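Visitor: Here is my input; please provide its structure:
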Amino acid sequence: MPLVSVIVPTHNRAHLLERTLRSILAQDVRDLEVIVVDDGSTDDTRRVLAVADARVIAMHNPQPVGVSAARNAGIARARGTWVAFCDDDDLWSPTKLSRQLSAAEAVHADWAYAGDVNVDDQLRVLSGGPPLDPQAVAAAMPRWNPLSSGGSNVVVRSRVLSAVGGFDPQLRRTEDWDLWIRMARVGLPACVRAPLVAYRFHAGNVLADPAETVAEARRIADRYGLPVDVAAMNRRAAWAALRGGRRLLAVRHYVLAAARGDVRSIGRAGVALFHPAVGSDRLFAFLGRDADWIAQAEGWLKAFAMPGATERTTTR
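Guide: Now for the predicted structure:
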């Protein structure tokens, strides 16, 4: 029985998956299994998995079923005391799991998260800074998702995951938040205040329809009776539109946020219309760059960097 089961859903990202698996298999926690759920890929994913470490267990869906259902299939196969998730385009620090497990054990928590940075295709850090503390995370959870980097950030005891249930396949943009809400009702998480996750931004994870984020947030509000901050959800949708260079769509969501009382979004709408950074990585300057934090991340990211190499991206 492994200590940790790592669930990795993937679809047509063989070119990204190789480096993601390297970062997982480089963990200083050696007692782990890595369950990769190939969700109907038609690229070289089977080749990548065929030559992977013996700790990698491959599952293959003949047709795509979606990231949540793929994760749930991996969860059903998992044997570990703890379960962690990593998306097929993200990277982990080699100490990610060990530090999270130590933090959880120290405060008798059943789940844990860490800090992160945003990186580009060449693993250059675009932005990053410390996460909220557990009390602030619990306070924010009913209104918006305070944990960045999605599923790649969290590890949870398997018995707790079994008790609260897995990911909702009907949710495409907020499935992680939906699960964190249920886990938060079990107890506070532990936190490692260090940048242990690199969330990769690339053309393949630009949202085709950022309005889904807002619609799903409303569904979560109705499901749990929560005071979801719809203005914040519209700001997130606007940010996704800005990444894709869709200025007018971003303005629309900022106007909707302003209509909810977020008067600062009026100014954001002006930026969306005219700022030259829209649609480029320079946009990340608005998210902030903590120099010490970024230096910590760069220390471990260099082991996975490929100087001069650009990975081809495809849309999920």
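Visitor: S152 falls within a strand, correct?
Guide: No - counting by DSSP: H, G, I helix; E, B strand; the rest coil, S152 falls outside a strand, being helix.
Visitor: For the closest residue to D290 other than its chain neighbours, name its beta-bridge partners.
Guide: Excluding the flanking residues, the one nearest D290 by CB to CB, 6 or more residues apart in numbering is G129, at 4.1 Å. To be clear about C-beta, it is placed using only N, CA and C from the backbone, and glycine gets the same treatment. Applying DSSP bridges to G129 yields these beta-bridge partners: D116.
Visitor: And the pLDDT for V51?
Guide: On pLDDT, V51 comes in at 78.
Visitor: And the residue nearest to D290, how far from V67?
Guide: 27 Å (CB to CB, to the nearest Å).
Visitor: The two: which is more packed in?
Guide: A side-by-side neighbour count of G129 and V67, using other CB atoms under 10 Å, places V67 first with 25 against 17.
Visitor: which residues touch the more buried one?
Guide: By CB atoms under 8 Å, 6 or more residues apart in numbering, the residues touching V67 are P9, H11, D39, D87, F167, R172, E175, R316.
Visitor: Quick check: pLDDT value at A109.
Guide: 98.
Visitor: if I look at L242, how far off is P2?
Guide: 41 Å.
Visitor: neighbour count winner among those two?
Guide: L242 (26 against 17).
Visitor: Check which helix or strand the more buried one maps to.
Guide: When secondary structure is defined by DSSP states H and E, L242 falls within helix 230-243.
Visitor: Quick check: D120 touching Y199?
Guide: No - look at D120 against Y199 with CB atoms under 8 Å: they stay out of range, at 10.6 Å.
Visitor: and the two? which has more neighbours close in?
Guide: Set D120 next to Y199 and count neighbours by other CB under 10 Å: Y199 wins out with 21 against 14.
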